[in-house]
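Colleague: Mind looking at a prediction? Sequence and model below.
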Amino acid sequence: MEGFIHVMTATDKREDAERIARSLVEMRLAGCVQILGPVTSIYRWKGQIETAGEWLCLIKSRAECYGAIERAIRSLHPYETPEILALPVAAGSRDYLEWLRGELTAPCEE
C-alpha cells in the first residue's frame, strides 16, 4: 500500500483549527482535514498540570508530505510547542485512497 498518513494537531480555538485545515487543503498537502471538538486535554506544561478545551485536526495525507505539513502547521499554529503527530494508515478502502491520492498534488519530499 502506498504510504498514507494521518497527522494530528490540536489548538485552543476553532478558528485556528479551521485556518490550519483550510490552508493544508488549499496547498494540496491534505486531501481532507476533519475538525473534532471541543475535546478536553489534560497535560503537564512547564511543571503544572493543565486542562484545556481544544479542537483536534485529523489530517489525511501521504507520508512523503509529512515534512511540508509540519512546516505549514508550525507557521500557522499559535502554540509554542504544537502537537504534530503522524500515524501510518495500515489499510483503507481502495476508492477512498484513490480519491485521496488524486487530491494530494503538492510536490512533497521529506
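Modeller: Noted; the coordinates are in hand.

Colleague: Please count neighbours and contacts with C-alpha atoms only from this point.
Modeller: Fine.

Colleague: And the longest helix seen in the chain, what does it pack against?
Modeller: With secondary structure taken from DSSP state H, the chain has its longest helix at helix 14-26. Here helix 14-26 touches strand 32-45, strand 48-62, helix 66-76, going by 3 or more C-alpha pairs under 8 Å, 6 or more residues apart in numbering; DSSP states H and E.

Colleague: Could you provide these in a markdown table, with additional columns for mean neighbour count and mean pLDDT?
Modeller: Shown next, in a markdown table, are the helices and strands packed on helix 14-26 (neighbours: other C-alpha atoms under 10 Å; pLDDT from 0 to 100):
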| stretch | mean neighbour count | mean pLDDT |
| --- | --- | --- |
| strand 32-45 | 14 | 97 |
| strand 48-62 | 19 | 97 |
| helix 66-76 | 16 | 97 |
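
Colleague: mind putting those in TSV, distance to K13 included?
Modeller: Below are the helices and strands packed on helix 14-26 laid out as TSV (distance: least, C-alpha to C-alpha, whole Å):
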stretch	distance to K13
strand 32-45	9
strand 48-62	7
helix 66-76	13
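
Colleague: mind checking which of the ones you listed is nearest A91?
Modeller: Shortest distance between A91 and the helices and strands packed on helix 14-26, using C-alpha to C-alpha, is found for strand 48-62: 13.0 Å.

Colleague: Distance from the closest one to the middle of the chain?
Modeller: From the chain centre to the centre of strand 48-62 is a distance of 9 Å (C-alpha atoms, centre = their mean, to the nearest Å).

Colleague: out of the helices and strands packed on helix 14-26, which comes closest to P107?
Modeller: Using C-alpha to C-alpha, those put helix 66-76 closest to P107, at 9.3 Å.

Colleague: and the residue in the chain sticking out farthest from the centre, backbone torsions?
Modeller: Distance from the centre of the chain peaks at G47, with 26.8 Å (C-alpha atoms, centre = their mean). Dihedral angles of G47 (phi, psi; degrees, to the nearest 10) stand at phi 80, psi 0.

Colleague: Equivalent analysis for G92, please.
Modeller: phi -170, psi 160.

Colleague: still on that earlier bit, so for the longest helix of the chain, mean pLDDT?
Modeller: The average of the pLDDT scores along helix 14-26 is 98.

Colleague: Cool, thanks, talk later.
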